[in-house]
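Enquirer: here are the coordinates; sequence isn't available:
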């Protein structure tokens, strides 16, 4: 599944949480965050001490505040302009960095400029919401609004659409009608039904090769990291800071490995396991998402007097599958079938905040035959973005080798399905094009090298389904300068800007970006924060 991390709609993860797919919802979240709740906690109050190569702009080696940028900014239009972002531009980068004089592509960038006096500014903070495939343009505003004002003002906060994504040119699209519903059932009832889905995946890979075969070999995380460094160079600075979510954390790890001397600070929120890229990471997600849907069933059962779907998790689970069976037989509006239902409820795994709306939609559909709520939830969270999906496949399929015998996939998925049925098959089909992709990636992903890096802040929930906690700790082991803040019982994908806000997490985040302060607890858990409480019905 896109991610790990984003579905578009966050992705389809950022975060995806739902950092991209639910841009409007998350903008509302950050807008509701009061300045008092996001003010950076003093290091002494959160057990942090200054760490890293610099505690302010003037102390960094080489320029960090842009003075000789080659970028030419113009007024943003469209949705980005409506979000209050004024400065937009584009940057030309090589398709193939081994041939810088060859064909180029264009990256779309935007910026919330620093407002602090130049002497207090801390340079460029690049942000990425995940995917791969998620647009990062709206994230600049989300981060600027979500950070404490006295921290956000110190940075030029820069969002961008990675190569192939959104407003970057070319924009990758292989089959614009791929997600037209209702689609064939994710869960194959027979070998023939499975072959339909295999053919669908192979056709998608063939369509991508036919239309963008010249570009596909260069749509990799490593080239996206080289693009980050091209952005740094265009700003005319020696170092950048970076804030990534979900796949954006993997992009950050790869950037730090390729360009360790050019990194000033880095925040990794909901971290990808670089040792499992990508096949193993996706299998690990299946078990973690089962945990989140089981938690949703239990939460709904707790409020049976509101939703009338059962007083036990098992009863709610049975109700959920009853709805799925009905939609498989009779899709709503000829559009929302079983797959579309799965896609919508998957989003509840990314964000607790969605549970009341999802529960209400299920209740009204089963108890009164009202499809309004289900339709609204699907339109808000379940609709897939084919550009996101195309880039997701392009990057993950080319990053590393995948099993080419689909019997291997079938065997693994059937095994996973026995104990984690919720998204075992859906996740397999989200990635199935990689079995037929025209680009054959290397046998192993690049090894992340954390030697010589500045202090890094990692934020991680123990129940995060898209980037599971054990994998995040694998990444932590490879980054010796990193310190991890663990949100115990946190199931959201993306811990930074939850609603209600987690003041503990906000304290660590703002202290780090303000001064480089990091928690100093020993081991792999350097500090802990409590999870935000479960939502209430109607919230």
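Expert: Thanks, I have it. Everything quoted here is computed from the prediction, not taken from an experiment.

Enquirer: from here on, just use CA atoms for contacts and neighbour counts.
Expert: Noted.

Enquirer: can you name every helix or strand that whatever helix or strand residue 228 lives in contacts?
Expert: Element membership for residue 228, per DSSP states H and E: helix 221-235. Helix 221-235 sits against strand 87-94, helix 247-258, helix 386-399, with contacts defined as 3 or more C-alpha pairs under 8 Å, 6 or more residues apart in numbering; DSSP states H and E.

Enquirer: residue 388 - nearest residue in space that isn't next to it in sequence?
Expert: residue 133 (4.3 Å; C-alpha to C-alpha, 6 or more residues apart in numbering).

Enquirer: list the contacts of that neighbour.
Expert: Residues in contact with residue 133 (C-alpha atoms under 8 Å, 6 or more residues apart in numbering) are 162, 164, 165, 387, 388, 389, 390, 391, 392.

Enquirer: from what I see, the third one and residue 388 are in contact.
Expert: Spelled out, that is residue 165. Yes. The pair residue 165 / residue 388 is scored as a contact, 6.9 Å apart, by C-alpha atoms under 8 Å.

Enquirer: what's the overlap in contacts for these two?
Expert: With C-alpha under 8 Å, 6+ apart as the test, residue 165 and residue 388 both reach 133, 134.

Enquirer: okay, these two: which has more neighbours?
Expert: Between residue 165 and residue 388, residue 388 has the larger neighbour count (other C-alpha atoms under 10 Å), namely 30 against 26.

Enquirer: below-threshold pLDDT in this structure: ranges please.
Expert: 1-61 (pLDDT under 70).

Enquirer: hey, which helix is longest across it?
Expert: Using DSSP state H, we find that the single longest helix of the chain is helix 279-302.

Enquirer: which elements pack onto the next helix or strand after that one?
Expert: Per DSSP H and E, the first helix or strand lying C-terminal to helix 279-302 is helix 304-307. Here helix 304-307 touches helix 355-368, going by 3+ C-alpha pairs under 8 Å, 6+ apart.

Enquirer: what angle separates the helix it packs on from helix 279-302?
Expert: When axes from the mean of the first three to the mean of the last three C-alpha atoms, to 10 degrees is applied, the directions of helix 355-368 and helix 279-302 differ by 60 degrees.

Enquirer: what is helix 355-368 packed up against?
Expert: helix 304-307, helix 313-329, helix 338-350, helix 372-377.

Enquirer: immediately after the helix or strand where residue 409 lies, which helix or strand?
Expert: Using DSSP H and E, residue 409 maps to helix 406-419. The helix or strand immediately downstream of helix 406-419 is helix 424-431, counting by DSSP H and E.

Enquirer: that following helix versus helix 338-350: what angle between them?
Expert: Helix 424-431 runs at 100 degrees relative to helix 338-350, counting by the same axes, to 10 degrees.

Enquirer: give me the angle between helix 424-431 and helix 406-419.
Expert: Using the same axes, to 10 degrees: helix 424-431 against helix 406-419 is 150 degrees.

Enquirer: name the surrounding residues that touch helix 424-431.
Expert: With contacts defined as C-alpha under 8 Å, 6+ apart, helix 424-431 is touched by 1-2, 186-187, 197, 201, 282-283, 286, 339, 342, 393, 409, 413, 416-417.

Enquirer: give the contact list for residue 125.
Expert: By C-alpha under 8 Å, 6+ apart, the contact list for residue 125 reads 155, 156, 157, 158, 240, 241, 242, 243.

Enquirer: excluding its backbone neighbours, what's nearest the first one?
Expert: Just to be clear, that refers to residue 155. Leaving out its chain neighbours, the residue that sits closest to residue 155 by C-alpha to C-alpha, 6+ apart is residue 114, at 4.8 Å.

Enquirer: distance check, the one you found against residue 171.
Expert: Distance of residue 114 to residue 171, computed by C-alpha to C-alpha, to the nearest Å: 30 Å.

Enquirer: all strands for the stretch 51-200 of the chain, in order.
Expert: Assigned by DSSP state E, counting those that start in this stretch, the stretch 51-200 of the chain shows strands spanning 74-75, 87-94, 104-112, 123-128, 155-161.

Enquirer: mind checking those for the one nearest to residue 475?
Expert: Comparison of these against residue 475 by C-alpha to C-alpha identifies strand 123-128 as nearest, at 18.0 Å.

Enquirer: sheet partners, orientation included, of that closest one?
Expert: strand 155-161 (parallel), strand 240-246 (parallel) (DSSP bridges).

Enquirer: and the angle for the last one with helix 247-258?
Expert: Spelled out, it's strand 240-246. Using the same axes, to 10 degrees: strand 240-246 against helix 247-258 is 140 degrees.

Enquirer: and the first one, by the same measure?
Expert: Angle, strand 155-161 to helix 247-258, by the same axes, to 10 degrees: 110 degrees.

Enquirer: just want the angle from strand 155-161 to strand 87-94.
Expert: Using the same axes, to 10 degrees: strand 155-161 against strand 87-94 is 60 degrees.

Enquirer: quick one: residues in contact with strand 155-161.
Expert: 107-115, 121-128, 134-140, 143-144, 167-168.

Enquirer: can you tell me the SS state at residue 434?
Expert: Classification of residue 434 using DSSP: H, G, I helix; E, B strand; the rest coil returns helix.

Enquirer: that one: neighbour count?
Expert: For residue 434, using other C-alpha under 10 Å, the count is 28.

Enquirer: residue 99 now?
Expert: Residue 99 has 10 neighbours, counted by other C-alpha under 10 Å.

Enquirer: over to the one 5 residues further on?
Expert: Each residue near residue 104 was counted by other C-alpha under 10 Å, and the total is 17.
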